[in-house]
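J.: Predicted model, plus sequence, below.
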There are 2 protein chains.
Amino acid sequence: MSDSDIIATPPHEPGHPQEDRVHDEEDRLRPEFVREVLDAVADGDDETARALVSELHPADIADLIELAPGDERADLIEALAGIVDADVYAELNEHVREDMIDEMEPQQVADLAAQLDTDDAVALIEDLEEDEQRAVLRAMEPDDRAAVEEALTYPEETAGRLMQRDLIAVPEHWKVGQVIDYLRSSDELATDFWEVFVVSPDHHPVGTCKLSTILRSSRAIRVSEIMSRKQTLIPVDMDQEEVALRFQKYALISAAVVDPSGRLVGMITVDDIVHIIQEEAGEDVLLLSGAGDGDINEPIAMTVRTRLTWLIINLGTAILASSVVGFFQGEISRFALLAVLMPIVSGMGGNAGTQTLAVAVRALATNQLTSSNTMRMFGRELTIALSNGLSLGILIGTGVGLIFSNPLLGVVMGSAMVINNLIAGLAGILVPVMLDRAQIDPAVSSAVFVTTATDCMGFFSFLGLAALTGLTG
Amino acid sequence: MSDSDIIATPPHEPGHPQEDRVHDEEDRLRPEFVREVLDAVADGDDETARALVSELHPADIADLIELAPGDERADLIEALAGIVDADVYAELNEHVREDMIDEMEPQQVADLAAQLDTDDAVALIEDLEEDEQRAVLRAMEPDDRAAVEEALTYPEETAGRLMQRDLIAVPEHWKVGQVIDYLRSSDELATDFWEVFVVSPDHHPVGTCKLSTILRSSRAIRVSEIMSRKQTLIPVDMDQEEVALRFQKYALISAAVVDPSGRLVGMITVDDIVHIIQEEAGEDVLLLSGAGDGDINEPIAMTVRTRLTWLIINLGTAILASSVVGFFQGEISRFALLAVLMPIVSGMGGNAGTQTLAVAVRALATNQLTSSNTMRMFGRELTIALSNGLSLGILIGTGVGLIFSNPLLGVVMGSAMVINNLIAGLAGILVPVMLDRAQIDPAVSSAVFVTTATDCMGFFSFLGLAALTGLTG
């Protein structure tokens, strides 16, 4: 990333974006601005379009392309030729980027990749078809190609794909002055780094030195005297979610990546991690709801398929729950009010179960819920379930008993409510913990099990108690 | 933060944590380790406990305290006196920290705060009762006190609370050599910074200079020649969620905070932002489920209250939906199978609605869904709803028709399924977009409206069509 990557804010303008005609107060592109650019393109007035866009940050240009309707994108990109550069591609949503890259010649893609850091170049071509990928790699310079090919040998979503090879590593015995002279010596060196890695003669990391520490030390001091010997080393095959958690836990700005023999092979910087932190934390709500990765730029057929799969699984569990009701058709015919009230019991159980589930899934994802406190968490959730179950049971039981002048119905309703809240609390914690132990992401499939439990038990407890107490005569 | 904040990984040990007896493979403290420390404390063997813990990162010590059962925490902290330092308090969960601070004298709290950056010191005391807060502030040194008091004048969760006052600002006309000499001149200067801010004589930021750029430039070059004039300025009253989005969008490492007159008043660094990014992205699933902030360390009474509030609101909507069923008691008495099947229609609508809702809430939170593409998003979601509704409708309609040898019942069931899927898709996008326009966080209250819509319309479409078609005779 170059310095041009920093957003334009007019000097002496304290970033009060409400006075900005490009961005709204939440830093989103204004719809009038987007329309203005697109209208200029539609009128063939490329010059106006280019003038409007030229000062924007690559992230904003990427947003502009994503906000443009699919059928206006090609013209927009053509009009902005040269402005839509490699940095813009690096910022684009992967589906939108894929569509654009599919239209390009391998040489064009190779040229784009050459301008990017290895991690961004890899992201650009990792989703291409195998033969296209080969064609692009063939069109690249040998050095870049080797770096990208090496990165591609690591599994997707691991540290090896995220890391940059451009880093500064110096030997322990160097003095601060030598480090500074070395950094000034060549234009070929990395430009974006926040720490210098100190390595042993066989290139194992032995410490790190923040740039601020180097700047504040006199030239005669040895690096080994000012470096921090404690550091977080990232194994090259570590999953990106783990990498993100380490960065967050230890407040890292950059970290050394090592191969299995412990040699320094790359560096990950926090700016490449923030979007992973956001994605991984935000995906739980999407996964729990069965919306897949919930990308609004995903081809619609893919979205339909993902969601339908989960809906059909849910249909299976809904049928299961309704078959519970099926056992009680006789009771319902005699006393149709049961059918009116039963969805309240099942639905409220579902709500309570989802609360517990959401808490458990987040606590597992953030490493707050571990085997050390699982039992305590069970106790906590069951206490909450009992407490809320009793409150709701008494509330609805009293209400139903009074409204329908049928105390027994109120008792049945209230009791079913308590039972189903306990089931909800139990399932809401048990299901995600068990899936997590089995190394299955609890966000992906917990909801199905929990709602099946609360639906079935909601119907069963209410209708069963009704039958048992002779409520239906 | 000092250098000791970097986790211990033995040199030449490439961070393969499976060989680590303290951490498991996901970097969580092993339950055996936690137990070992707690047992030592329980046995009065503080020395062993201290030896076990002494090499841990403050974030791990904080985890250890959180993982300890509530009734063992006080003894643990006493045993680890001196090891549990200000940095550990800064890392602790706020509820656990609050419990611990409640036990302390104001002078002790003031001493802790004095060792922290302003932002961490503020976090330490911002939740205290007003009179305790005043007592702590009185016990602080005038300088620290002034900085904390100033930060407290800004609303919670704004840039003013997050920023540090310690930063490096230099005038434009300085040369690189002067900057380096200045940094070497005093031990009083900030130690943790990644960029130097360049300011005008009246202290308005005019540019930034990455430390790597300074290090790589010769001493004779003017700062104004190498600085980046484009920068993201953060207004001191900006909400922390907005701050986090800017850091993410523009890949910032640090940013200048300016007051309403445009003067540089502080700096925010990315390490203080990563946990906000994670929290803000992860809270959607908790808010949508009605679990509040879902903190497992929150006092249980507070959790019960938050969740019960949402459950009672849901109870209201469940009663509303069940009253729809109430209109059709006659039909249900005559044909109890309707009661068996109706939860499938309402439940499946709920599932589909939740999928759309989750996608819309995330797209709004990440600024991907803006007024520029709202209409397209509506079209997209309704297309998906129609497609999935038809698939599910045909599937369940055919199945029901065949199983119960009642083609009309199959048609009614299938049609209700299509209708309710459309309602689900429409509500799933309309509700969050409308709440967002009304400046209400769509994650907080969307789910109630959407499930009310799918429940009511699920029952109404199915039972209504059944009545209309004369299915019940």
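T.: The structure has been received and is ready for your questions.

J.: and the helix or strand of chain A with the lowest mean pLDDT, what other elements does it pack with?
T.: For chain A, using mean pLDDT, DSSP states H and E, the weakest element among its helices and strands is helix A:118-125, scoring a mean of 87. Judged by 3 or more CB pairs under 8 Å, 6 or more residues apart in numbering or on different chains; DSSP states H and E, helix A:118-125 is in contact with helix A:86-91, helix A:94-102, helix A:106-114, helix A:130-138, helix A:142-152, helix A:159-162. C-beta: built from backbone N, CA, C; applies to glycine.

J.: Tell me how far the spatially most central residue of chain A lies from chain B.
T.: Centroid-nearest residue in chain A: A:E279, 1.5 Å away (criterion: CA atoms, centre = their mean). According to CB to the nearest CB, to the nearest Å, A:E279 and chain B sit 8 Å apart.

J.: Could you check what's spatially nearest to that residue, not counting adjacent residues?
T.: Distance criterion CB to CB, 6 or more residues apart in numbering or on different chains; nearest residue to A:E279, sequence neighbours excluded, is B:A281 at 7.8 Å.

J.: do A:M100 as well
T.: Sequence neighbours aside, A:I77 is the residue nearest to A:M100 in space, at 6.5 Å (criterion: CB to CB, 6+ apart).

J.: As CSV, the helices and strands packed on helix A:118-125 with mean pLDDT and mean neighbour count would be great.
T.: Putting the helices and strands packed on helix A:118-125 into CSV (pLDDT from 0 to 100; neighbours: other CB atoms under 10 Å in any protein chain shown) gives the following:
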stretch, mean pLDDT, mean neighbour count
helix A:86-91, 92, 22
helix A:94-102, 90, 17
helix A:106-114, 91, 19
helix A:130-138, 91, 15
helix A:142-152, 89, 16
helix A:159-162, 92, 24
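
J.: just to revisit the earlier point, name the element the residue nearest to the centre of chain A belongs to?
T.: According to DSSP states H and E, A:E279 maps onto helix A:274-289.

J.: sec struct for A:L128, please.
T.: Taking DSSP: H, G, I helix; E, B strand; the rest coil as the rule, one finds A:L128 in the coil state.

J.: actually A:H173, sorry about that
T.: At A:H173 the chain is in coil, as set by three-state DSSP.

J.: need the next SSE after the helix holding A:E279, C-terminal direction.
T.: Next helix or strand after helix A:274-289 toward the C-terminus (DSSP H and E): helix A:300-326.

J.: buried sites along that following helix?
T.: Across helix A:300-326, burial judged by 16 or more other CB atoms under 10 Å in any protein chain shown covers A:303-304, A:306-308, A:310-311, A:314-315, A:317-319, A:321-322, A:324-326.

J.: and that helix, what's its mean pLDDT?
T.: Mean per-residue pLDDT for helix A:300-326: 95.

J.: which ones are touching the spatially closest residue to A:M238 that is not a sequence neighbour?
T.: Distance criterion CB to CB, 6+ apart; nearest residue to A:M238, sequence neighbours excluded, is A:A159 at 4.6 Å. Going by CB atoms under 8 Å, 6 or more residues apart in numbering or on different chains, A:A159 touches A:234-238, A:240, A:243, A:257, A:266, A:268.

J.: in the stretch 151-300 of chain A, which spans are strands?
T.: In the stretch 151-300 of chain A, the strands defined using DSSP state E, counting those that start in this stretch lie at A:169-171, A:195-199, A:205-210, A:233-235, A:254-258, A:264-269.

J.: now these in a markdown table, with distance to chain B, mean pLDDT and mean neighbour count?
T.: Formatted as a markdown table, the strands of the stretch 151-300 of chain A follow (distance: least, CB to the nearest CB, whole Å; pLDDT from 0 to 100; neighbours: other CB atoms under 10 Å in any protein chain shown):
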| stretch | distance to chain B | mean pLDDT | mean neighbour count |
| --- | --- | --- | --- |
| strand A:169-171 | 12 | 95 | 16 |
| strand A:195-199 | 9 | 95 | 24 |
| strand A:205-210 | 6 | 95 | 23 |
| strand A:233-235 | 4 | 95 | 24 |
| strand A:254-258 | 4 | 96 | 27 |
| strand A:264-269 | 8 | 94 | 24 |
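
J.: With distance to B:M375 as new columns, can those be given to me in TSV?
T.: Shown next, in TSV, are the strands of the stretch 151-300 of chain A (distance: least, CB to CB, whole Å):
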stretch	distance to B:M375
strand A:169-171	52
strand A:195-199	47
strand A:205-210	49
strand A:233-235	44
strand A:254-258	42
strand A:264-269	38
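
J.: Which positions within the helix or strand harbouring A:G349 qualify as buried?
T.: Following DSSP H and E, one finds A:G349 within helix A:337-365. The neighbour-count check on helix A:337-365 (16+ other CB under 10 Å) flags A:337-365 as buried.

J.: likewise stretch A:221-231?
T.: Using 16+ other CB under 10 Å as the test for burial, stretch A:221-231 gives A:223-224, A:226-231.

J.: Does A:D237 touch A:E157 like I think?
T.: No: look at A:D237 against A:E157 with CB atoms under 8 Å: they stay out of range, at 10.7 Å.

J.: Around chain B, which positions in the stretch 101-250 of chain A sit nearby?
T.: Residues of the stretch 101-250 of chain A lying close to chain B (CB under 8 Å from any CB of the partner chain) are A:180, A:183-184, A:189-194, A:200, A:204, A:206, A:208, A:210-218, A:228-235, A:242, A:245-250.

J.: Among those residues, name the buried ones.
T.: For these, a burial check counting by 16+ other CB under 10 Å picks out A:180, A:183, A:192-194, A:200, A:204, A:206, A:208, A:210-217, A:228-235, A:242, A:245-250.

J.: among these, which are in helices?
T.: Residues of those located in helices (DSSP state H): A:180, A:183, A:211-216, A:242, A:245-249.
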